[in-house]
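Novice: Provided below for reference: sequence and predicted model.
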Amino acid sequence: MKEIVVISGKGGTGKTSLTAALASAAVKKYRVVFADCDVDASDLHLLFNPDVKETHDFYSSHVARIDQKKCISYGTGTVCKDLCRFEAISYSDAAGMVIDETSCEGCGVCVRFCPAHGIEFPDRYCGQWFVSDTRFGPLVHAALDIGAENSGKLVTTVRTAAKKIAQSGPDGSGPESDYLIVDGSPGTGCPVIASITGCDAVVVVTEPTLSGLHDLERVASLARHFSVPVHVCVNKFDINAEQTRSIIEWCSRNSIPVLGTIPWDRSVTAAQIQGLSIQEYAQKHGAASVADAVNTIWENLCQLTQ
């Protein structure tokens, strides 16, 4: 089984659209499992229209909560309030000592030093992750709560579950899949590192702009730091031919394969509105140039990852 992770230097480059398009190309010949590891802005499900089979709560870190029955403070000279560096603890005559869970970083200082042992420290609920059936194959995806942290840990949870399905099937008795295709997180932070470590190849989706090249350099450097082979796709290449040439030349100098280029086309947006991959849309309405470009990218990727 080969694990392919599609990433980008920033959001909005067409990463998720390409992932859905690769799904259409891949399932014609291979058994494939999919994972949406862009948990901070998960939207692959909008194109896959999943039928959710399993729902799991995701807990990470902790949050402090005051037991008002045990609290002996009246708002002045309080140990917990004085020690909290995040100003998450406040006092009012009506509510007593209160912890703002959004501001609480879960450091546990207030729990440790409360003289009345009146602060609870439960696991923090951060969202949910799902195992679903789709028209392309099994999909593992997640929904991180607004303002919730530890997205890197949730990415690892999603990847681990998807790998398990890819290796032995949804019920544990099926054959191993040929590919695990992951819609990774954008940028270079913890969620990206959690998305790409140990995978067989990354596909970096970039745009023909100065910032696009800069972002490509950063994310390619990150992937190479973890010894992950890098491949590049230039989306909307025809909006700036000169910058596209600069990106291709940079890739050549750094021995990074360019899988292909995708032209700008309004049909991509139309396909998204209908919840379709570009290949599915092209079969009904045209847009063969974009569909053919993606098919070529998939064929090149298969050859380079054999």
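Specialist: Perfect, thanks for sending it. Numbers count the residues shown, from 1 in each chain.
Novice: Counting neighbours, what do you get for Gln303?
Specialist: 10 (other Cβ atoms under 10 Å). The C-beta positions use only the backbone N, C-alpha and C, and glycine is treated the same way.
Novice: who does Asp183 bridge with?
Specialist: Taking DSSP bridges, one obtains Val6, Asp36 as the residues bridged to Asp183.
Novice: Next one: it from Asp238, what distance?
Specialist: Asp183 is 24 Å from Asp238, where distance means Cβ to Cβ, to the nearest Å.
Novice: check contacts around the residue most central in space within the chain.
Specialist: The residue lying closest to the centre of the chain (Cα atoms, centre = their mean) is Asp38, at 1.5 Å. Taking Cβ atoms under 8 Å, 6 or more residues apart in numbering, we find Asp38 in contact with Lys15, Thr16, Leu44, Asp183, Gly184, Ser185, Pro186, Pro191.
Novice: Could you pick out which of those are located in helices?
Specialist: Among those, the residues falling in helices (DSSP state H) are Lys15, Thr16, Pro191.
Novice: His214 contacts Thr188, doesn't it?
Specialist: No. Under the criterion of Cβ atoms under 8 Å, His214 makes no contact with Thr188, lying 11.4 Å away.
Novice: and for the two, which residues touch both?
Specialist: Going by Cβ under 8 Å, 6+ apart, residues that sit against His214 and also against Thr188 are Gly9.
Novice: can you put the ones in helices among the contacts of Asp38 in TSV and add distance to Asp57, pLDDT and neighbour count?
Specialist: Compiled in TSV, the ones in helices among the contacts of Asp38 are given as follows (distance: Cβ to Cβ, whole Å; pLDDT from 0 to 100; neighbours: other Cβ atoms under 10 Å):
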residue	distance to Asp57	pLDDT	neighbour count
Lys15	27	96	25
Thr16	25	96	26
Pro191	19	93	24
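Novice: of those, closest to Arg266?
Specialist: Closest to Arg266 out of these is Thr16 (17.6 Å), distances taken as Cβ to Cβ.
Novice: how close does the closest one get to Asp43?
Specialist: For Thr16 relative to Asp43 (Cβ to Cβ), the value is 6 Å.
Novice: With Val27 instead?
Specialist: 20 Å.
Novice: between Asp183 and Asp238, which one's more packed in?
Specialist: Taking other Cβ under 10 Å, Asp183 and Asp238 do not tie; Asp183 has more neighbours (28 against 13).
Novice: and that one, what does it touch?
Specialist: Asp183 neighbours (Cβ under 8 Å, 6+ apart): Val6, Lys15, Thr16, Thr19, Phe34, Ala35, Asp36, Cys37, Asp38, Leu44.
Novice: 6 Å instead?
Specialist: When contacts are counted by Cβ atoms under 6 Å, 6 or more residues apart in numbering, Asp183 touches Val6, Thr16, Thr19, Asp36, Asp38, Leu44.
Novice: Ok, Val32 next?
Specialist: Ala26, Gly137, Ser177, Tyr179, Ile181.
Novice: now swap in Asp123 and tell me
Specialist: When contacts are counted by Cβ under 6 Å, 6+ apart, Asp123 touches Tyr59.
Novice: Bridging across strands, which residues link to it?
Specialist: Beta-bridge partners for Asp123, by DSSP bridges, are His62.
Novice: Kindly report the same for Val98.
Specialist: On the basis of DSSP bridges, Val98 is bridged to Ser90.
Novice: List phi and psi for Gly147.
Specialist: Backbone geometry at Gly147, expressed as degrees, to the nearest 10, gives phi 80, psi 0.
Novice: Please tell me how far Thr296 sits from Thr269.
Specialist: Distance of Thr296 to Thr269, computed by Cβ to Cβ: 21 Å.
Novice: For those two, indicate the residue with more neighbours.
Specialist: Thr296 (15 against 10).
Novice: Just give the nearest non-adjacent residue to Ser289, would you?
Specialist: Pro263 (5.6 Å; Cβ to Cβ, 6 or more residues apart in numbering).
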